[in-house]
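J.: sharing a model that was predicted from the sequence below.
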Amino acid sequence: MSLRTVSDKVVVISGAGSGIGRALALRAARGGALLALSDWNPEGLAETVRLAEQAGATKVRHDVVDVSSRAAMAAWAEGVVEQFGRVDLVVNNAGVTLTGDFTELTYDDLDWIVGVNFDGVVHGSKEFLPHLIASGNGALVNVSSLFGLVSVPGQSAYNATKYAVRGLTEAIREEMLVAGHPVTVTCVHPGGIRTGISRNGRKAAGLDGSAIDALFENKLAKMSPDRAAEIILDGALKGKARVLVGLDAHAIHHFAKLAGSRYQDVVARVTSRMPLR
């Protein structure tokens, strides 16, 4: 079983204040969904709410939430269910980047990215999954990354969190199947999407942040957030186990499968030609 439509469904999205999260919210709004949105940035979240209402959303709940906080996520889930009475689709989308060689990253930065990228998905899945099961036909969507399928230098911490999201999500899906629970589980792996994730991320000391942002935004981020949201929502409503977003995601994933572990040597050679210091 799968949802098939978001019309009159309660759709929960974290990281909805910009980028893919905002685009998902607007697509769901145009599809007739009842929205429960969160973000850490109140200004960005308020703008998404305004745009969603313009797009035709009839009900939009919005909460400023730190996804890395277990208590905050529990309170958000409780509030959503209290207001709407149910939850049909949850997208754990909130995420951040941390660029730099592993030896140059601080423990504070490592704790930060793990808290948002992995703990945030753990909290969102843990708090909302019982309500998805109770809905009788729910869908859980966790956003990993292309970098949850292949690793690249300078992204060790980001890779680690996104691989962790993939492992968690695939295991949850298997558990839903074993238990016979009426919940589809989808892991999403976007490639380069034109969002502000690089500009809003952290970089290790000594790196040229402007050069890193320019490389991502001008060379790597090829797809619009709206197109990415379309692909993600379509995959979720079809109950797909894995959704690759973008030609780069498909191409690099298949290359890595064909090359085996030797893909790492190729990636190392290519990235060594990108001076970002």
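T.: Looks like it arrived, so ask away.

J.: now the strands for this structure?
T.: 10-13, 34-39, 60-64, 89-92, 98-99, 138-143, 183-190, 202-203, 242-245 (DSSP state E).

J.: next, format those strands as a markdown table and append distance to Ala160.
T.: To be clear about C-beta, it is placed using only N, CA and C from the backbone, and glycine gets the same treatment. Conversion of the strands of the chain to a markdown table gives the following (distance: least, C-beta to C-beta, whole Å):
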| stretch | distance to Ala160 |
| --- | --- |
| strand 10-13 | 24 |
| strand 34-39 | 24 |
| strand 60-64 | 27 |
| strand 89-92 | 17 |
| strand 98-99 | 10 |
| strand 138-143 | 15 |
| strand 183-190 | 15 |
| strand 202-203 | 15 |
| strand 242-245 | 19 |
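
J.: all helices for the stretch 51-200 of the chain, in order.
T.: For the stretch 51-200 of the chain, the helices defined by DSSP state H, counting those that start in this stretch cover 70-84, 107-113, 120-135, 156-179.

J.: now these in TSV, with distance to Glu217 and mean neighbour count?
T.: Compiled in TSV, the helices of the stretch 51-200 of the chain are given as follows (distance: least, C-beta to C-beta, whole Å; neighbours: other C-beta atoms under 10 Å):
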stretch	distance to Glu217	mean neighbour count
helix 70-84	30	17
helix 107-113	20	14
helix 120-135	24	21
helix 156-179	17	18
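
J.: reformat the ones you listed as a markdown table; add mean pLDDT and distance to Val10.
T.: Formatted as a markdown table, the helices of the stretch 51-200 of the chain follow (pLDDT from 0 to 100; distance: least, C-beta to C-beta, whole Å):
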| stretch | mean pLDDT | distance to Val10 |
| --- | --- | --- |
| helix 70-84 | 98 | 5 |
| helix 107-113 | 98 | 29 |
| helix 120-135 | 98 | 8 |
| helix 156-179 | 98 | 19 |
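
J.: for Asp248, find the nearest of those helices.
T.: Nearest to Asp248 among the helices of the stretch 51-200 of the chain is helix 156-179 (15.0 Å), distances taken as C-beta to C-beta.

J.: what's the angle from the closest one to helix 120-135?
T.: 20 degrees (axes from the mean of the first three to the mean of the last three C-alpha atoms, to 10 degrees).

J.: output the contacting helices and strands for helix 156-179.
T.: strand 98-99, helix 107-113, helix 120-135, strand 138-143, strand 183-190 (3 or more C-beta pairs under 8 Å, 6 or more residues apart in numbering; DSSP states H and E).

J.: can you put those in JSON lines and add distance to Ile13?
T.: Converted to JSON lines, the helices and strands packed on helix 156-179 look like this (distance: least, C-beta to C-beta, whole Å):
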{"stretch": "strand 98-99", "distance to Ile13": "23"}
{"stretch": "helix 107-113", "distance to Ile13": "20"}
{"stretch": "helix 120-135", "distance to Ile13": "10"}
{"stretch": "strand 138-143", "distance to Ile13": "9"}
{"stretch": "strand 183-190", "distance to Ile13": "12"}
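
J.: what pLDDT is listed against Arg273?
T.: pLDDT recorded at Arg273 is 71.

J.: neighbours of the closest residue to Glu43 other than its chain neighbours, how many?
T.: Leaving out its chain neighbours, the residue that sits closest to Glu43 by C-beta to C-beta, 6 or more residues apart in numbering is Gly17, at 7.7 Å. By the other C-beta atoms under 10 Å criterion, the neighbourhood of Gly17 contains 25 residues.

J.: same question, Glu53
T.: With other C-beta under 10 Å as criterion, Glu53 counts 14.

J.: didn't it look like it was pressed against His62?
T.: No - using C-beta atoms under 8 Å as the test, Glu53 is too far from His62 to be in contact (10.5 Å).

J.: out of the helices of the stretch 51-200 of the chain, which is closest to Thr195?
T.: helix 156-179 (14.2 Å).

J.: how far off centre is the closest one?
T.: 12 Å (C-alpha atoms, centre = their mean, to the nearest Å).

J.: next one: stretch 208-216
T.: On C-alpha atoms, centre = their mean, the centre of stretch 208-216 falls 22 Å from that of its chain.

J.: using PDB, write out every CA atom in it.
T.: Output of stretch 208-216 as PDB, limited to C-alpha atoms (Å, rounded to 0.1, in the frame of the first residue of the first chain):
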ATOM      1  CA  ASP A 208      38.200  29.100   1.200                       C
ATOM      2  CA  GLY A 209      34.500  29.100   2.000                       C
ATOM      3  CA  SER A 210      33.700  31.300  -0.900                       C
ATOM      4  CA  ALA A 211      35.400  29.000  -3.400                       C
ATOM      5  CA  ILE A 212      33.600  26.000  -1.900                       C
ATOM      6  CA  ASP A 213      30.200  27.700  -2.100                       C
ATOM      7  CA  ALA A 214      30.900  28.800  -5.700                       C
ATOM      8  CA  LEU A 215      32.000  25.300  -6.800                       C
ATOM      9  CA  PHE A 216      28.800  23.800  -5.300                       C
END
